[in-house]
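# what shape does this take:
(one chain, ligands or ions: 3)
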Amino acid sequence: MNITLDTLRKLKAGGDKFACLTAYDAAFAHAVSTAGVEVILVGDSLGMVLQGRDSTLPVTVEDMVYHTRCVARGNQGALIMADLPFGSYSSPEQTLENSAALMRAGAHLVKLEGGSWLCDSVQLLARNGIPACVHLGLTPQSVNVFGGFKVQGRNQDAARAMVEDGQRLDQAGAALLLLECVPSTLAREFTQAVSAPVIGIGAGGDTDGQVLVLHDMLGVTPGRRPRFVKNFMEGQSSIENAIKAYSEAVKSSQFPAEEHQFTS
Ligand SMILES: Nc1nc(=O)c2c([nH]1)NC[C@@H]1CN(c3ccc(C(=O)N[C@@H](CCC(=O)O)C(=O)O)cc3)CN21
Ligand SMILES: CC(C)C(=O)C(=O)O
Ligand SMILES: [Mg+2]
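Ligands and ions are numbered 1, 2, ... in the order given. Now for the predicted structure:
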């Protein structure tokens, strides 16, 4: 079962949900891809989870290439999405060069954070055979602009701008869109307004897919956990079973529950 972007488009069209989890190495990539999770995200969250930094900003293209290679070796048929790290996509040319490095390392698509200003980059990537996911809402690489990891799109103007950005990026050929930490009502409107499949984290139950950081859902991330995280290790006897429980909870819309969502 090799998952492709077409698999995700068909799931969206049929109203079926799909699951995504981060993985940063071969062992977890194997576990995630054999548990029925469609998409593996090699997230720049590895800067916080693996490197112990307090933001994702110090992560380099070299770091992302290394972890993408590790994940590609363990993967059993999932779609591999790799994050472009902070400062690595400030022009279309730089975006193409760094995305090509991630694709050579084994990614099937790349993810970049931002809004409609990325349309030219998304188009250039598509013309060069690189599908792109654009991450909107709480974009952690802009934590210094937001002044913290705060819910986005809570006022009407910001919500409208986010939907319009999504539609422009959809038109520009974005393969996927990802919404982080936005009110569920906004995420529902956004998902219905675009043709590309939408993945959510802290965005409620009406996006087409869900993503969590693997270490968060296994309960091994130290410190306070964000509202949208559920510990799927609870009541499970193995990591493999916890990942299966997550995948099944997403597909049956049991996760996220009300308690994992934000309101406007
Ligand atoms: N381990 C880990 N998990 C993640 O989900 C994650 C990372 N790292 N690193 C990159 C970003 C940072 N993320 C975060 C981190 C904290 C909150 C958080 O504490 N949010 C508050 C909401 C605050 C508000 O109401 O505005 C919460 O209560 O969940 C959200 C996203 C998501 N990403
Ligand atoms: C939190 C997810 C969406 C991400 O971008 C990451 O893990 O880096
Ligand atoms: Mg990221």
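# what helix or strand is residue 186 located in?
helix 184-193 (DSSP states H and E).
# could you point out which element follows that helix?
The first helix or strand that comes after helix 184-193 along the chain, using DSSP H and E, is strand 198-201.
# off-centre distance for the helix or strand just after that next one?
Downstream of strand 198-201, the next assigned helix or strand under DSSP H and E is strand 209-212. Strand 209-212 sits 7 Å away from the centroid of its parent chain (C-alpha atoms, centre = their mean, to the nearest Å).
# next: stretch 217-232.
Averaging C-alpha coordinates over stretch 217-232 and over its chain gives two centres that are 17 Å apart (C-alpha atoms, centre = their mean).
# that one and ligand 1 in contact?
Yes: counting by C-beta under 6 Å from any ligand atom, ligand 1 is contacted by stretch 217-232 at 221, 226, 227. Backbone N, C-alpha and C define where each C-beta goes, glycine included.
# where along the chain do the helices fall?
Along the chain, the segments classed as helices by DSSP state H run 5-13, 26-34, 46-49, 61-74, 92-104, 119-127, 143-146, 156-172, 184-193, 214-217, 239-251.
# ok, back up a step: quick one: mean pLDDT for the helix holding residue 186?
Mean pLDDT, taken over the full extent of helix 184-193, equals 98.
# give me the residues contacting it.
153, 159, 162-163, 166-167, 177, 179, 182, 198, 200, 203-208, 261-264 (C-beta atoms under 8 Å, 6 or more residues apart in numbering).
# pull out the buried positions in that helix.
Within helix 184-193, the residues that count as buried by 16 or more other C-beta atoms under 10 Å are 184, 185, 186, 187, 188, 189, 190, 191.
# and the stretch 51-200 of the chain, which residues reach ligand 1?
Counting by C-beta under 6 Å from any ligand atom, the positions of the stretch 51-200 of the chain adjacent to ligand 1 are 56, 138, 140, 149, 150, 151, 181.
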